[in-house]
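Colleague: 3D, please:
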Amino acid sequence: MKRIVCFFLLIVLSYGINAQVKYRGHTVKQGETVYSIAELYGISVKDIYRYNPSAKNGVNTASLLIFPVEDIINTPTNETLFIMHKVKRKETLFSISQNYDIEVADLKKYNKQLYSKPLKKKDLLLIPIYPAINTTTVTTSTNPSDTKIYTVQPKETKYGIARRFGISISELEQLNPTLGEDLPIGYELIVPKDEVVESAQIDEEQFSFYEVLPKEGFFRLKVKLGLSKEEIITLNPFAAEGLKDGMVLKIPKDAGSEETVNVVNLEDYITNVTEKHLAVMLPFRLKRIDTDSINENIELLRNDNTLRVALDFYSGVLMATEFASDKGISIRLDVYDTEASENKVAQIISNNSFKNVDAVIGPLLEKNVVKATSLLKSDDVPVFSPLSNREIRSYSNFFQTLPSNTMKEEAMIEYLKENAVDKNVLVVCDNKKNAQKTVLLSALSNAKPLDPRTGEKGSFLYNTDLLEAMEETIENWVILESLNPVLVSNVVGLLNGLPEEFTVRLFTLDKNEVYDYHDISNNHLAKLNFTYPSIQKDYNYNELNPFLVSYKNKHGVFPNKYAIRGFDVTYDIILRLASSDDAYDGAKRNVVTEYVENKFQYKHKLLSGYQNTALYIVKYNSDLQIEVVR
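Modeller: As a prediction, this is how the structure comes out:
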């Protein structure tokens, strides 16, 4: 009996048990062996092992063996017959017992794991079949042995009564078909015989009821209601056995009142540890590798930036699979060389089966991502674009893992609107950023334009231009939008040279490559608390992050941003698969996940795929570190 759960799974996977087939159970008596039982029923020892794998290690007195009725030649005993039941969504022990007209106690008797483990979707249960009773002389009872009559008390509601007896509202209504919206005092209800809490009433000034929705688990409720698993169980002890669809919970009245989304560690919510099948498509272009010439390969690596990015990203992917294995998650990883070719992507998909792939990571190049997504759409295979954030034609199976530039701009503007009310806001834009200038002046009612002068070498400002616009009594926030390194260098230098009586902070909606220009000092940016939106944060080398330590031990160096990106993207995908039914279910959950440098919060786009919307507002601090401000 101890091993019922284990061998049920083995039977189903290996031998395809049919839920409609009848099985005879045999309770092992003292002195019986596998051979004597086989002889008793006229079946082979091989058949006993086939349906009871644990019997290969011997049989214990009082343990239960099962065999299909059709395989039995002799029927010398009146042992109980069984059928198999596969637990469906929303089913509870009570609803299953009602469906088969048996008692909950009988379910637990023949499925011992139910005494210690909660019922889960897809569990297999032994359902006893009892001899039919002659109903011609028996009047059908509306009060079976598992139920009783309950009289509604003052201030009790359907939710409170359902919670008291551990059933859902729909189950309460099924037991009482004539039950309306109102619940009069003194009304008699049919309810389960056992109570799970003492009272159907709650303090309505402090608490309210919440009905668990389909597929909601503890971590979804943590995000939605702000309540930890421990807090929910403290208020609802019966929830310790697991949450079920329709379960009625008592929660604090203000739970979930704030529209905030919490960062969730999915390692704490791993429930689906079946093998995850991932495919990775990267532009290695291995045909160019000369296995006989180390020097040529070193030169190739030095000159081919795409190859270096692909290899670094892949090193992070591999590390993510190792971390997943440490969590008990088995990974099958198929790696394909796209050769940076659209045609090669099509060839890979044509020559290989992707029907059972849980997620495809890559390709890296935009056109190749589009090709892979379109070809895999018919099989509904999720494709994750890992490095490109361009807004491209999207499909229902497309997952954009990087927020778009538009999202970054919108997040920065929102931050400015919330925090710049009492500041002297100056907007400096070159001609190529006129669209951003218009948006900023429209969004920030207190913002003033400070238009650059135009000369032979491009746009610039004089020191007097800034001094005339600055305020001494309040903080000056300068928003700089430019693709011109000369203008950026000019403005950053002038702001650093202002008299000390001016308090200045520098912002941009787009920290592009011009800020890496050699004339632009990071020290100057740090002095200005340079603030901007970013898809990633900087990790701290001094923190003992498990990934950083493992990577350094394995490769001898700390990972670069592409290796970290490979790890963060892949590990997030794996954990979402391990805490959900599939990638789509994992993406629909309104949670934020965060790893070494990147965070993820997917939103479903109308008639399209999924977009990661999670990003940071960061600033340079006085220690030349990148600090998250939001």
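Colleague: buried sites along whichever helix in the chain runs longest?
Modeller: Ranked by residue count, the top helix of the chain under DSSP state H comes out as helix 305-326. Burial within helix 305-326, assessed by neighbour count using 16 or more other Cβ atoms under 10 Å, is assigned to 307, 309-321, 323-324. (Glycine included, C-beta is placed from N, CA and C.)
Colleague: what's the closest of the residues you listed to W477?
Modeller: Nearest to W477 out of those is V309 (Cβ to Cβ; 35.7 Å).
Colleague: pretty sure that closest one sits against K561.
Modeller: No. Counting by Cβ atoms under 8 Å, K561 is not a contact partner of V309; they are 9.7 Å apart.
Colleague: closest to T92 out of the buried residues of helix 305-326?
Modeller: Of the buried residues of helix 305-326, the one sitting nearest to T92 (Cβ to Cβ) turns out to be A324, at 32.2 Å.
Colleague: how about the nearest residue to the closest one, chain neighbours excluded?
Modeller: Excluding the flanking residues, the one nearest A324 by Cβ to Cβ, 6 or more residues apart in numbering is I574, at 4.6 Å.
Colleague: give me the pLDDT value at the one you found.
Modeller: For I574, the pLDDT comes out at 97.
Colleague: that one contacts E322, doesn't it?
Modeller: No. Taking contacts as Cβ under 8 Å, I574 lies outside contact range of E322: 10.9 Å.
Colleague: and Q201, that's in a helix?
Modeller: No. Assigned with DSSP: H, G, I helix; E, B strand; the rest coil, Q201 falls outside any helix and is coil.
Colleague: ok, D146 - contacts?
Modeller: Going by Cβ atoms under 8 Å, 6 or more residues apart in numbering, D146 touches 94, 97-98, 103-104, 192-193.
Colleague: sorry, back to before: what comes into contact with the longest helix of the chain?
Modeller: Contacts of helix 305-326 (Cβ under 8 Å, 6+ apart): 276, 278, 280, 282-285, 300-301, 331, 333, 335, 340, 361, 364, 386-387, 546-547, 550-551, 554-555, 559-560, 562-571, 574-575, 578.
Colleague: follow-up on the earlier one: for the residue nearest to A324, grab the count of nearby residues.
Modeller: Neighbour count for I574, taken as other Cβ atoms under 10 Å: 25.
Colleague: tell me how far it lies from S353.
Modeller: Going from I574 to S353 by Cβ to Cβ, to the nearest Å gives 21 Å.
Colleague: over to A583?
Modeller: Distance from A583 to S353, by Cβ to Cβ: 18 Å.
Colleague: who has more neighbours out of those two?
Modeller: A583 (24 against 8).
Colleague: against R332, how distant is the residue nearest to that one when sequence neighbours are not counted?
Modeller: Ranked by Cβ to Cβ, 6+ apart and with sequence neighbours excluded, the top spatial neighbour of A583 is P382, at 4.1 Å. According to Cβ to Cβ, P382 and R332 sit 16 Å apart.
Colleague: ok, now E456?
Modeller: For E456 relative to R332 (Cβ to Cβ), the value is 61 Å.
Colleague: try D585
Modeller: Taking Cβ to Cβ, one finds D585 at 20 Å from R332.
Colleague: what does I574 give?
Modeller: 12 Å.
Colleague: what sits in contact with each of these two?
Modeller: 276, 278.
Colleague: chain center to stretch 335-350, what's the gap?
Modeller: Counting by Cα atoms, centre = their mean, to the nearest Å, stretch 335-350 is centred 29 Å from the centre of its parent chain.
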